[in-house]
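In: Please find the sequence and the predicted model below.
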Amino acid sequence: MNQKRIVKWAFALIVAVIIGFFGFVFKVDEGQCAVVTRFGAARASITQAGMYLRLPWPFENVSVYDARKQYMDSGYLETLTHDKRNVIMQTYAIWSIADPLRYYTSVGDTAVAEKYLGDLIANSKNGTMGSYDLSSLVSMDEDDIKITEIEQIMLQEVAAHALDQYGIQIHDLRLRRIGLPSTNVQSVFTQMQAERQKYIDQLLAEGERDAKIIVSESDAEVASIIAEGREEAAQINAETERTVAGIYASAHTQDPELYKFLRKLAALEASVDENTVMIVKMDQPPFDVLAGQ
């Protein structure tokens, strides 16, 4: 009988120890954070994984949160650009708990945190887009698109407010999708046509300019080649005439009568062709050679 009583007391003691252990100790896993409150007031925040002591309920309570990075989609929100165009923008944010105490006192719940973050993002989006035209989001010219710049401005604004007010760190904030209301589609299409025509006109102007430069350079090169050719031809003609003159002089020196006869034949050949009809006097040079005189 005593042995059974000892077993019962031992079992009761073990159960009490287990209950006491879990009543005075709590565990924080990797990727979690916790806030310990005493009678509702925050006493301590835990950011490292491990086992920690606490007073049992109702003296102290432990709120454990997911400290890993979380994804939040803002949904489709309509805003107004600087040039008074409505545009539908969808953003997403990557966030995590940076200050558990501030998060507990100001938010305390993931759903509430995302609601507050959604409001911050919407306000930042409206304020930022009020300084940019629609062409900064949709344009045929890459230099006009400022999406990265817009994202950076929104990230800086939202991150500062989220950390200061809610203890939330914003790791990234991006534009996921951009849409247009049906009333704006035609105006955007017209704008894109105008931008494309502007680009075409620029290409045509540059083409005409380059064509004029090429033609001008070609004309100058042709003129230079012609001038060089004429100069070279003149030099060849002059050299030929000097050579011919030398030959004529040599021939005249060797046989004046033969030279005179050959010159008359050359003059006669140069003055007629197959279609020439001439009335000549046979006793006058150079036609006298035909009469054998």
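Out: Happy to help now that I have it.

In: Scan the chain for its longest helix.
Out: For the chain, the helix reaching the highest residue count under DSSP state H is reported as helix 182-254.

In: so what does that helix touch, helix or strand wise?
Out: Counting contacts by 3 or more CB pairs under 8 Å, 6 or more residues apart in numbering; DSSP states H and E, helix 182-254 is packed against strand 86-97, helix 256-271. To be clear about C-beta, it is placed using only N, CA and C from the backbone, and glycine gets the same treatment.

In: Okay, angle between it and strand 86-97 too, please.
Out: Helix 182-254 runs at 100 degrees relative to strand 86-97, counting by axes from the mean of the first three to the mean of the last three CA atoms, to 10 degrees.

In: Next, the distance between the ends of stretch 97-114.
Out: One end of stretch 97-114 to the other measures 12 Å (CA to CA, to the nearest Å).

In: Only the buried residues of it, if you could.
Out: Going by neighbour count (16 or more other CB atoms under 10 Å), the buried part of stretch 97-114 is 97, 98, 99, 100, 101, 102, 103, 104, 106, 107, 113, 114.

In: next one: stretch 211-230
Out: The neighbour-count criterion (16+ other CB under 10 Å) identifies no buried residues in stretch 211-230.

In: quick revisit: ok now the longest helix of the chain, how far from the chain's centre?
Out: When distances are taken as CA atoms, centre = their mean, to the nearest Å, helix 182-254 is centred 38 Å away from the chain's centroid.

In: what does stretch 29-38 give?
Out: In terms of CA atoms, centre = their mean, the centre of stretch 29-38 is found 45 Å from the chain centre.

In: List the contacts of it.
Out: Taking contacts as CB atoms under 8 Å, 6 or more residues apart in numbering, the residues outside stretch 29-38 that touch it are 26, 28, 42-47, 49, 52, 54-55, 59-68, 97, 100-101, 103-104.

In: Kindly reformat the buried residues of stretch 97-114 as TSV and extend each row with secondary structure and distance to residue 203.
Out: Shown next, in TSV, are those (DSSP: H, G, I helix; E, B strand; the rest coil; distance: CB to CB, whole Å):
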residue	secondary structure	distance to residue 203
97	strand	54
98	coil	52
99	coil	56
100	helix	59
101	helix	61
102	helix	57
103	helix	56
104	helix	61
106	helix	57
107	coil	55
113	helix	52
114	helix	49
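
In: Point out where the stretch 1-150 of the chain drops to low pLDDT.
Out: Counting by pLDDT under 70, the stretch 1-150 of the chain shows low-confidence ranges at 1-23.
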